[in-house]
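**Student:** Just need the structure, nothing else, for what follows:
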Amino acid sequence: GDGEEAIHDYLDLAVDGIAQARGTHLQHAAEIPGLYVPGLQRETRGIKPLAPRKITDLSQWPAYSSLLTEETEFSNTLLVEITRGCPWKCRFCTVGYVYPKFRQLPAEMVLGLVEAQRQWDRQSGHEPIGKVGLISSATGDYRHLAAVSQGLVDLGVSIGISSLRMDRMPDVLIDCMVRSGVRSCTVAPEAGSERLRQFIRKDMTEADILTGVERLLDAGMRNLKLYSMIGLPTETEADVQELIALAFKIWDRMKRSGQARGALGTLTLSVNPFVPKPATPLQWCAMAPRRAIEAKLQTLRQAIRKESHIRLKHESLKSAYLEAILARGDRSMSGFLLEVHRQQGNWRRAAKRLDFDVEEFVGQTRGTETPLAWDFLADDRQRQRLHREHGRALALPLIPV
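**Tutor:** Numbers count the residues shown, from 1 in each chain. I've put the predicted structure just below:
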């Protein structure tokens with residue numbers, strides 16, 4: 001669950017009992033709600049489910065950047081968590097299943113944090129921060145979005161967001177982003193075909209997506225980034241071709257918009273392999289083999305090779321498969337992790353030395369009755385929901401009807 005209160009409780013315990021023996025300390029730590037002490041359990045099966053800690057009032061624990069520097073991915077950008085959790089429950093995503101409830105930070109708190117940072121910048125002799133990133137898994141569902149967007153524009157800062165659902169794009173947000181100087185936007189259909197979007201429970205039609213694109217372009221956006229996964233369970237070659245077709249339909253609209261204003265923008269396809277995440281309805285599914293993923297990426301490259309304004313971007317497949325190893329691993333992976341450390345982070349070499357077949361480990365479909373190392377983090381109701389959503393996904397037809 002939420003860790004803000006739990007970590008303070010633990011730090012109090014650590015300070016007050018600094019002279020305690022390690023075993024006594026761990027016993028007391030395990031009594032703190034929201035803490036799990038692996039050393040006190042021989043195995044995870046049979047453990048009573050842990051009740052998650054929950055912060056009901058985010059304004060008591062606002063999360064925002066404590067250090068601003070040029071030496072980060074989001075250079076000199078103040079990041080503020082405006083919501084926590086997600087109301088949508090997409091089947092591939094942990095956020096909707098591990099966080100208790102969708103909660104929202106008051107508008108005055110968000111704007112107050114930004115103004116406080118700008119004031120501190122002035123007092124320190126620095127240029128006041130000029131960009132704010134709104135962190136949320138469901139930005140379009142933030143009820144204070146209009147007030148925050150307008151307030152940030154009034155402060156003279158540009159607005160950054162992680163991504164938008166194409167069917168949940170408030171006009172006020174788009175308008176304020178453009179007015180603040182933003183000309184690029186990230187949208188996340190997550191899958192190229194409508195069938196696969198239904199599979200992952202991202203119910204969004206192609207018409208929704210294209211209408212959203214037109215709204216962004218009409219408002220003044222020039223560049224778009226499209227997030228999508230490949231290698232999803234049940235994916236076929238037809239689904240990949242639909243992703244390509246969708247990209248070109250979006251590019252046709254971008255090209256017309258760019259020609260009208262005299263400057264073409266860029267469409268970036270950010271495509272990454274599906275990784276089965278713990279505590280999600282797709283946790284039992286397999287990750288696609290590396291050769292299959294490479295073949296799909298090559299298909300995409302070939303399709304866009306003649307369009308210089310369409311770019312393909314994807315994370316390292318090495319990183320994606322390491323992510324899958326960590327996502328599916330349990331205590332038996334300790335030896336592998338230690339060997340990775342001895343091999344200075346080279347997990348492929350570590351796997352070879354231990355004769356560990358990574359593709360078999362991440363590429364196996366697990367039965368829904370197979371005990372999973374993290375099962376004790378969910379109660380019966382949560383487990384039933386995961387099983388129900390898993391069954392509904394796999395019951396969908398392979399061919400659209």
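**Student:** From now on I want contacts and neighbour counts done on CA atoms only, so please keep to that.
**Tutor:** Fine.
**Student:** Distance from stretch 5-19 to the middle of the chain?
**Tutor:** Remark: stretch 5-19 is offset 31 Å from the chain centroid, using C-alpha atoms, centre = their mean, to the nearest Å.
**Student:** For that stretch, give me every contacting residue.
**Tutor:** Applying C-alpha atoms under 8 Å, 6 or more residues apart in numbering, the external contacts of stretch 5-19 come out as 25, 28-29, 32-35, 53, 55.
**Student:** and the residues you listed, which of them are in helices?
**Tutor:** Members of the contacts of stretch 5-19 lying in helices (criterion: DSSP state H): 25, 28-29.
**Student:** any idea which of the residues you listed is closest to A320?
**Tutor:** Distance to A320, by C-alpha to C-alpha, is smallest for A29 among these, at 33.9 Å.
**Student:** still on that earlier bit, could you export the ones in helices among the contacts of stretch 5-19 as CSV, including neighbour count and distance to R195?
**Tutor:** Shown next, in CSV, are these (neighbours: other C-alpha atoms under 10 Å; distance: C-alpha to C-alpha, whole Å):
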residue, neighbour count, distance to R195
H25, 15, 52
H28, 14, 50
A29, 19, 47
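**Student:** give the contact list for S184.
**Tutor:** S184 neighbours (C-alpha under 8 Å, 6+ apart): 221-225.
**Student:** how close does it get to L312?
**Tutor:** Per C-alpha to C-alpha, to the nearest Å, S184 is found 16 Å from L312.
**Student:** Distance from the lengthiest helix in the chain to the middle of the chain?
**Tutor:** Looking across the chain with DSSP H, the single longest helix is helix 237-261. For helix 237-261, the distance from its own C-alpha centre to the chain's C-alpha centre is 24 Å (C-alpha atoms, centre = their mean).
**Student:** for that helix, which positions count as buried?
**Tutor:** Within helix 237-261, the residues that count as buried by 16 or more other C-alpha atoms under 10 Å are 239-241, 243-244, 246-248, 250-251, 254-255, 257-258.
**Student:** So what touches that helix?
**Tutor:** 191-193, 196, 206, 210, 213-214, 217-218, 222, 230, 264-265, 267, 269, 296, 300, 303, 310.
**Student:** cool, stretch 210-218 as well?
**Tutor:** Contacts to stretch 210-218, defined as C-alpha under 8 Å, 6+ apart, come from residues 166-167, 169, 174, 249-250, 253-254, 257.
**Student:** Equivalent analysis for stretch 283-294, please.
**Tutor:** Stretch 283-294 has contacts (C-alpha under 8 Å, 6+ apart) with 230-233, 273-277, 317, 324, 359, 362-368.
**Student:** Buried by neighbour count, from the residues you listed: which ones?
**Tutor:** 230-233, 273-277, 324, 359, 362-363.
**Student:** R328 contacts E360, doesn't it?
**Tutor:** No. Taking contacts as C-alpha atoms under 8 Å, R328 lies outside contact range of E360: 11.8 Å.
**Student:** Which one's more surrounded, those two?
**Tutor:** Shown here are R328 and E360; by other C-alpha atoms under 10 Å, R328 has more neighbours (19 against 12).
**Student:** Show me this protein divided up by domain.
**Tutor:** 1-52, 53-395 (the TED database).
**Student:** any idea which of those domains scores lowest on pLDDT?
**Tutor:** Note on these: domain 1-52 shows the lowest mean pLDDT, a mean of 90.
**Student:** chain center to that one, what's the gap?
**Tutor:** Worked out by C-alpha atoms, centre = their mean, domain 1-52 lies 28 Å from the chain centre.
**Student:** same check, this time on stretch 91-108
**Tutor:** With C-alpha atoms, centre = their mean, you get 12 Å for stretch 91-108.
**Student:** May I have that stretch as PDB, with CA atoms only?
**Tutor:** Only the C-alpha atoms of stretch 91-108 are listed here, as PDB (Å, rounded to 0.1, in the frame of the first residue of the first chain):
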ATOM      1  CA  ARG A  91      -5.600  -5.500 -17.500                       C
ATOM      2  CA  PHE A  92      -1.900  -5.100 -18.100                       C
ATOM      3  CA  CYS A  93      -1.200  -2.300 -15.600                       C
ATOM      4  CA  THR A  94      -0.400  -2.600 -11.900                       C
ATOM      5  CA  VAL A  95      -1.600   0.900 -11.000                       C
ATOM      6  CA  GLY A  96      -5.300   0.100 -11.100                       C
ATOM      7  CA  TYR A  97      -4.800  -3.100  -9.000                       C
ATOM      8  CA  VAL A  98      -2.200  -2.400  -6.400                       C
ATOM      9  CA  TYR A  99      -3.200   1.100  -5.300                       C
ATOM     10  CA  PRO A 100      -6.300   1.200  -3.100                       C
ATOM     11  CA  LYS A 101      -8.400   3.900  -4.600                       C
ATOM     12  CA  PHE A 102      -8.200   6.800  -7.100                       C
ATOM     13  CA  ARG A 103      -7.300   9.900  -5.100                       C
ATOM     14  CA  GLN A 104      -6.700  13.500  -6.100                       C
ATOM     15  CA  LEU A 105      -4.600  16.400  -4.900                       C
ATOM     16  CA  PRO A 106      -6.500  19.700  -4.400                       C
ATOM     17  CA  ALA A 107      -5.800  22.400  -7.000                       C
ATOM     18  CA  GLU A 108      -4.600  24.900  -4.400                       C
END
